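> Sequence and predicted structure are below.
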Amino acid sequence: MLKEAWTSAVDSLKSTSDGAAVGILNQCAYRGEMDNGITVGVSGDFAINYIKKNLLPRMQSLLKERSGRDIALTFLVDPSLVPAADVQHDLFGTTDIEKKRHRSSLNEHYTFDNYISGKNNDYVVAVAMRVAKSPGTQDNPFFFHGGVGLGKTHLLQAIGNYIIANDPAKKVIYIGGGAFLTEFVDSLNSRNANRFRKKYSTPDILLLDDIQQLQKAVQTSKELFEIYQTLEQHGRQMVFVSDRPPKELENLDERLRNRFEKNVIGRIEPPLYETRLAIIRTKLDELSTDIDGSIIEYLAQNISTDVRKIEGALKSYIARRDLMNVTLSLEECIDAGVFNDYCTTSGIAAASPKDVLRAVAKVLSVPADVILGKDRTRTVSYARHLAVYLALTLSNRSTTEIGAEFNRDHSSVVHARHTIIAMMREKTHVAEDIERIKNVLSGRTA
Ligand code: ADP
Ligand code: MG
């Protein structure tokens, strides 16, 4: 019973965590129930401290969600859970994929199959596929970058999972910059620097995530350059991921930066509206569930940059539905602010009702004073309804305040919102208009 809760909580935690955290979670195992709590084996003190510092509150709330009560966690050091990444890989040519993945710190969930490709990332995906199919040949090292939550870790791990699935004899190491740094410092403190260098100079494929975390760590980035040279000499594949391009990695060892710039550099852009819709549909499929189309569209419209937040919003809606047995309509969700924590109206966070009015006027070619006036022709009413709806969802103001801004009473504000939500279900141009208005608001297009 508790074991299931634990497994499901850890799975869910992994699917929303970065690679470093997933690596640590792979070094944990359920060991039993004790005094109504759970005992968990963990590879070592470093991992236990990491969990306590970074993961514990989420772990506890997920466990509570699943078991219906607070669960005490006891951690025990269990050295058998140390990943054996530095064990001679030839010996393991025949072991199963599961163990390989674990040893490489890869999350099985991150594959090419469930990675949605669109204009924003198709080039990077194509290079990543080529790397996965023929590692250590053409694109070495491969460097790609992009903002938070755009799927960099997913794609990086997809390369590793693909390689392991197709050639289990290959030794893959995935590690995040922060964990790499900590491990290096620990190795210096325990006079094990040689072991560290050996571990990272021997894999067939080194996947290094979030390399911006090494920026200020001069000595670690020098060490990485040494490792780089060894791997390069042996034709081993390296993939580096960062939240910014190489030229902005200011304090990173310059020799490393030069190497990155001599090879393929890819950039992942935020997904466009249609791609966001496709991502949501895929996530719903993975969760084996479905939700109302208007909510899907609302999320695709309002969460434009961070895909992690799209997932968070979906999960929170579904959890509310399944745990409390209430299926909220989109109107109710907006009123209750269910999605407020997830909406990334980045760049338009400060949009006032007046900004919204100007943007709507521009995109729909209806003058602002006409929108505020009494004309009830179809085009003008639509512009008015849209302006009210967007002002409500973007400016964080109450229906009464918005009413005052637009010379309307409370009930016509509520009516405008209902109208737009109903129209979104039937007419695709509404979503497109909203997207264009938001682009104007965020200054992306004129
Ligand atoms: P990053 O490393 O760029 O911050 P992640 O790789 O951690 O982002 O992605 C955050 C979440 O969004 C993950 O659960 C990932 O599966 C999902 N995700 C991001 N982009 C895509 C995509 N194109 N297709 C499917 N899922 C995606
Ligand atoms: Mg990441």
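Now that the structure is in, tell me what you want to look at. Ligands and ions are numbered 1, 2, ... in the order given.
> Which secondary structure element of the protein has the lowest mean pLDDT?
One helix or strand of the chain scores below all others by mean pLDDT, DSSP states H and E: helix 97-104, with a mean of 77.
> Run the chain-centre distance for it.
Taking Cα atoms, centre = their mean, to the nearest Å, one finds the center of helix 97-104 at 22 Å from the center of the full chain.
> what do you get for stretch 144-152?
Taking Cα atoms, centre = their mean, the mean C-alpha location of stretch 144-152 is offset from the chain mean by 8 Å.
> One more: stretch 179-193?
28 Å.
> does ligand 2 sit close to it?
No: looking at stretch 179-193 against ligand 2 by Cβ under 5 Å from the ion, there are no contacts, and the closest approach is 12.2 Å. For glycine as for every other residue, the C-beta is placed from the backbone atoms N, C-alpha and C.
> so who does the one residue in the stretch 301-446 of the chain that gets nearest to ligand 1 touch?
Using Cβ to the nearest ligand atom, the single residue of the stretch 301-446 of the chain nearest to ligand 1 is Val307, 3.4 Å away. With contacts defined as Cβ atoms under 8 Å, 6 or more residues apart in numbering, Val307 is in contact with 149-151, 271, 276, 279.
> measure it to ligand 2 for me?
For Val307, the distance to ligand 2 under the criterion Cβ to the ion, to the nearest Å works out to 11 Å.
> The closest residue to that residue other than its chain neighbours: what secondary structure?
Closest residue in space to Val307, ignoring its immediate chain neighbours: Gly149 at 5.0 Å, by Cβ to Cβ, 6 or more residues apart in numbering. Under the three-state scheme (DSSP: H, G, I helix; E, B strand; the rest coil), the conformation of Gly149 reads as coil.
> Look up how far Gly32 lies from Gly149.
With the distance defined as Cβ to Cβ, to the nearest Å, Gly149 ends up 36 Å from Gly32.
> Between the two, which is the more surrounded one?
The residue with the greater number of neighbours, taking Gly149 and Gly32 and applying other Cβ atoms under 10 Å, is Gly149; the counts read 19 against 12.
> Give me the pLDDT for that one.
Reading off the per-residue confidence, Gly149 sits at a pLDDT of 92.
> cool, and Pro353?
For Pro353, the model assigns a pLDDT of 89.
> can you check Pro141 too?
Note on Pro141: pLDDT of 96.
> from what I can see it touches Val239, true?
Yes: in this structure Pro141 lies within contact range of Val239 using Cβ atoms under 8 Å: 6.6 Å.
> neighbour-wise, which of the two wins?
Set side by side, Pro141 and Val239 show unequal neighbour counts under other Cβ under 10 Å, the larger going to Val239 at 25 against 22.
> what about that one, which SS state?
strand.
> Run through the residues of the chain sitting next to ligand 1.
Proximity of the chain to ligand 1 is assessed by Cβ under 6 Å from any ligand atom, with 15, 18, 114-116, 146, 148-154, 279, 282, 307-308, 311 identified as the residues in range.
> Would you mind checking those residues for buried ones?
15, 18, 115-116, 146, 149-154, 279, 307-308, 311 (16 or more other Cβ atoms under 10 Å).
> and those residues, which of them are in strands?
Helix and strand membership here follows DSSP state E; of those, those in strands are Gly146.
> Ligand 1: which of the buried ones among the residues of the chain next to ligand 1 is nearest?
Gly151 (2.5 Å).
> which residue packs closest to that closest one, ignoring adjacent ones?
Computed as Cβ to Cβ, 6+ apart, the closest residue to Gly151 that is not its neighbour in sequence is Val307, at 5.9 Å.
> how near is that neighbour to Lys198?
Noted for Val307: a distance of 37 Å to Lys198, by Cβ to Cβ.
> coming back round to it: can you redo the contacts of Val307 as TSV with distance to ligand 2?
Rendered in TSV, the data for the contacts of Val307 read as follows (distance: Cβ to the ion, whole Å):
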residue	distance to ligand 2
Gly149	8
Leu150	9
Gly151	8
Pro271	15
Arg276	18
Ile279	16
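> what comes up buried for stretch 126-139?
127-132, 135-136, 139.
> Endpoints of it, how far apart?
The first and last residues of stretch 126-139 sit 11 Å apart, counting by Cα to Cα, to the nearest Å.
> quick one: low-confidence ranges for the chain?
In the predicted model of the chain, residues 84-96, 344-350, 444-446 satisfy pLDDT under 70.
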